[in-house]
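**Q** sequence first, then the predicted structure, then my questions.
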Amino acid sequence: MKNELINYCLRLGDSSLILGQRLAEWCSKGPMLEEDIALTNISLDFFGQSRMLYSYIAELKGGDETEDTVAFRRNEREFYNILLAERPNGHFGDTIVRSFFVDAFNFHHYSKLKESKDSVIAAFAEKSLKEVVYHLRHSSEWVIRLGDGTEESKLKVQTSLNELWSYTGDMFDMNDGDHLLTSEGIAIDLEEIKPLWNATIESVLKRGKLDLPESKYMQKGSRNAMHSEYLGHLLCEMQYIQRAYPNSQW
Amino acid sequence: MTDLDKFLEKINNNIKIEPKDWMPDGYRKHLQRQMSQHAHSEVIGMQPEGNWITRAPSLRAKVILLAKVQDEAGHGQYLYSAAETLGKSRAVYIEELQSRKAKYSSIFNYPTLNWADMGAVGWLVDGAAIVNQVSLQKTSYGPYARAMVKICKEESFHQRQGYEIISKMALGSPEQKEMAQDAMNRFWWPSIMMFGPHDQDSARSGDAMKWGIKIESNDDLRQKFIDKTVAQAELIGLTIPDKDLKWNEETKHYDFGAMDWDEFWSVVNGDGPCNDDRINHHIKAHEEGRWVREAANAYAEKNN
C-alpha cells in the first residue's frame, strides 16, 4: 500500500505546488498592492502544504529523496496535480475563479480528510484547513464582487466560470489506489465531496448574481498524470536551476 | 513665537512632527517626495526579485524569497499610508511614479541575471537600505519614523537571508562561486551609490538636515556600510571590485575608489538598463487591474 500512499500524497502535494507556483506568478502584477499581498500569501500557504507532503513522501521513499528531489526532479508524466492548478493565470477573474473552484474543493475535502487514519495526512489536512478557510473566503468574496460589480466585470467573470468549468470534474477523479486507501480510512471518497462542493459553488454564484455553467463534458486525466501542454513549461521554469546544476546545494 | 519658531523648537528638542501640526511648505514637500520615493522603491523593488520566485532552486529558497517580496509590498503599502498623512493620496503618488515625475531607488533599474543576484540584492541592496533606514528611525516626522522602526526589523532578516544565499554559492561549486562573484561585481558600485551623491553635491541635503528629516550625511552612511560589508565579503571569499579599497589605519575606515557618477545620473535620469521595463511593468499591471478596482468600487457602493 506504500506506493498507493505515495501516489496519493503526490496528488495532494503536486496540486498545492503547481497552484502555488501559478499564484506566485502574480507577484508585482496584482490589480492593487493589497491583492498582490493576498495572492502571494495564499501562494505561500500552498508551498507550505506541498513541503509537508513532499517531506512525507521523501520519508516513505527513503534513500536520498528530499522535498526538493520530489519537487524538482520529476517530469510531466510523473506529476499528479489536478488540471485546474496548471491552467494559466489569465486575467484576475480567471485566477479568482480557478482558485474558487479549488478552494471550495479543498475546504470540503480537508474537512473530512482531517479524520484520516494516516496521522501525517490527518495533520496535513487539519493544518491546511485553517488556511483554506481564508482562501475560500478570499476567492468567494471576489467572485461575488466581480459578479455584482460592473457590467464588464460580470461578463468577464462569467466567461471565466464557463471556460474553467470543464476542468472541475477532474478534481473528483479517483484511481484504484485511491479506492484502496479510501477503504482503509486513509483517503476520502470524493463522490461524497461532490454535492458539498456543488452546494458551495451554487450559493456563491447566486450571491454574485452569476449563472452556474452548463455541464457538457468534463476534462480528466491528471489522476493518471495526463496533463495539458502548460505543465511542461511551468516545470521548465520551476526546475531549471536544479536541472542545470544537479549536485549543488542552495 | 511664530509657527516656524515653534516648529524649529520641536525639531531641536527631538519632538516628532505629527500630521496635524503646522509645518513649513518646503518640509511637507520634501517629505512627500522622499516618502513616496521610498514607497515606490519598495514596490518597484518587487520586480527584480519577483523575477526569480518562479525559478528559485529549492522550496525553502522559494518560500523565503516570496515572503521577502511580500514584505516589500507590505512596506510599500505602509509607506504610502504614512505619506498620505501629508495630504496627498496614494493614487496621486502612483500617477507621479508612472509619469516619471517621482523617482525610486535607481538600484532597481539593474537586472537580476542569476540566482546569486537574490543574495546580492538582500545582502548589499537591503544592507545599504538598512543603514539608511536605521538612521531614519530618528527622523523628525512621526509617521515616517514609526514606519522605519517597523520596516527595519524585517529588513534585517532580509539582509541575513541574502547573505545566506550568496554565502552558500560563494562556498559552493566553481560555477556557483562564479555566479556569486559576478553578482558582487554587478551590484557593488550601484549599492554604494544608493546613498546618493557626495555631501557637497547633494542639493537637498541642507534643508533636510536642518529640519531633522535627514540625520546623517550621505557620505557618512556610505562609509558605515562599506566598513561593515568588507569583512563579510572576505569571510566568504568574495572580492570587492575596487582596486583602491584598503583599510586606513589613521581614519579607522576603509578608503575606496571613485564612483562613476556619470553612470549614476544617467540611470537616475531614465537611461539605466531596466528603467523603461520597470515603469512599463507597473503601468501594465495597473491598467490590467483597472476593471477589477472599478468592480470592487461599484460593488462597495451598491452594498453600502
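**A** Yes, it's here. Numbering: from 1, shown residues only, chains lettered A, B, ... in the order given.
**Q** mind picking out the helix or strand in chain B with the poorest mean pLDDT?
**A** Every helix and strand in chain B was compared by mean pLDDT, DSSP states H and E; the lowest is helix B:205-210, with a mean of 85.
**Q** for chain A, what are the nearby residues on the stretch 201-304 of chain B?
**A** Residues of the stretch 201-304 of chain B lying near chain A by C-beta under 8 Å from any C-beta of the partner chain: B:281, B:284-285, B:288-296, B:298-299, B:302-303. Every residue, glycine included, has its C-beta placed from N, CA and C.
**Q** quick one: buried ones out of those?
**A** By neighbour count, with 16 or more other C-beta atoms under 10 Å in any protein chain shown, these hold B:His281, B:Ala285, B:Gly289, B:Trp291, B:Val292, B:Arg293, B:Ala295, B:Ala296, B:Ala298, B:Tyr299 as buried.
**Q** save these as a markdown table, and put in secondary structure and pLDDT too.
**A** Formatted as a markdown table, those follow (DSSP: H, G, I helix; E, B strand; the rest coil; pLDDT from 0 to 100):
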| residue | secondary structure | pLDDT |
| --- | --- | --- |
| B:His281 | helix | 98 |
| B:Ala285 | helix | 98 |
| B:Gly289 | coil | 98 |
| B:Trp291 | helix | 98 |
| B:Val292 | helix | 98 |
| B:Arg293 | helix | 98 |
| B:Ala295 | helix | 98 |
| B:Ala296 | helix | 98 |
| B:Ala298 | helix | 98 |
| B:Tyr299 | helix | 98 |
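**Q** so can I have JSON lines of those residues showing distance to B:Pro273?
**A** Output for those, formatted as JSON lines (distance: C-beta to C-beta, whole Å):
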{"residue": "B:His281", "distance to B:Pro273": "14"}
{"residue": "B:Ala285", "distance to B:Pro273": "20"}
{"residue": "B:Gly289", "distance to B:Pro273": "26"}
{"residue": "B:Trp291", "distance to B:Pro273": "32"}
{"residue": "B:Val292", "distance to B:Pro273": "31"}
{"residue": "B:Arg293", "distance to B:Pro273": "31"}
{"residue": "B:Ala295", "distance to B:Pro273": "36"}
{"residue": "B:Ala296", "distance to B:Pro273": "35"}
{"residue": "B:Ala298", "distance to B:Pro273": "40"}
{"residue": "B:Tyr299", "distance to B:Pro273": "41"}
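**Q** after the least confident helix or strand of chain B, which helix or strand is next?
**A** Toward the C-terminus, helix B:205-210 is succeeded by helix B:218-235 as the next helix or strand (DSSP states H and E).
**Q** contacts for that next one, please.
**A** Contacting residues not belonging to helix B:218-235 are listed as B:123-124, B:127-128, B:131-132, B:135, B:163, B:184, B:191-192, B:195-199, B:202, B:205, B:239-240, B:245, B:253-254, B:256 [C-beta atoms under 8 Å, 6 or more residues apart in numbering or on different chains].
**Q** repeat that for stretch B:144-151.
**A** B:16, B:31, B:35, B:75, B:78-79, B:82, B:133-134, B:136-139, B:213.
**Q** quick one: which two of these are the most distant?
**A** Spanning the widest gap among the contacts of stretch B:144-151 are B:Lys16 and B:His75, at 20.1 Å by C-beta to C-beta.
**Q** do I have it right that A:Phe107 meets A:Leu136?
**A** Yes. Under the criterion of C-beta atoms under 8 Å, A:Phe107 makes contact with A:Leu136 at 4.9 Å.
**Q** now list whatever residues contact both of these two.
**A** Between them, A:Phe107 and A:Leu136 share these contacting residues under C-beta under 8 Å, 6+ apart: A:Thr200.
**Q** quick check: A:Tyr240 vs B:Ala56, distance?
**A** Distance of A:Tyr240 to B:Ala56, computed by C-beta to C-beta, to the nearest Å: 10 Å.
**Q** just A:Asp211 next, same as before
**A** Distance, A:Asp211 to B:Ala56, using C-beta to C-beta: 40 Å.
**Q** stretch A:192-205 - what's its average pLDDT?
**A** For stretch A:192-205, mean pLDDT is 98.
**Q** next: stretch A:116-136.
**A** Stretch A:116-136 comes out at a mean pLDDT of 98.
**Q** got the contact list for that stretch?
**A** A:5, A:8-9, A:12, A:42, A:45, A:48-49, A:52-53, A:56, A:99-100, A:103-104, A:106-107, A:109-111, A:113-115, A:184-188, A:200.
**Q** so what's A:Ser160 closest to, chain neighbours aside?
**A** Once flanking residues are discounted, A:Ser160 sits nearest to A:Val97: 4.1 Å by C-beta to C-beta, 6 or more residues apart in numbering or on different chains.
**Q** tell me the first helix or strand C-terminal of the helix or strand harbouring the one you found.
**A** Using DSSP H and E, A:Val97 falls within helix A:92-113. Downstream of helix A:92-113, the first helix or strand assigned by DSSP H and E is helix A:119-147.
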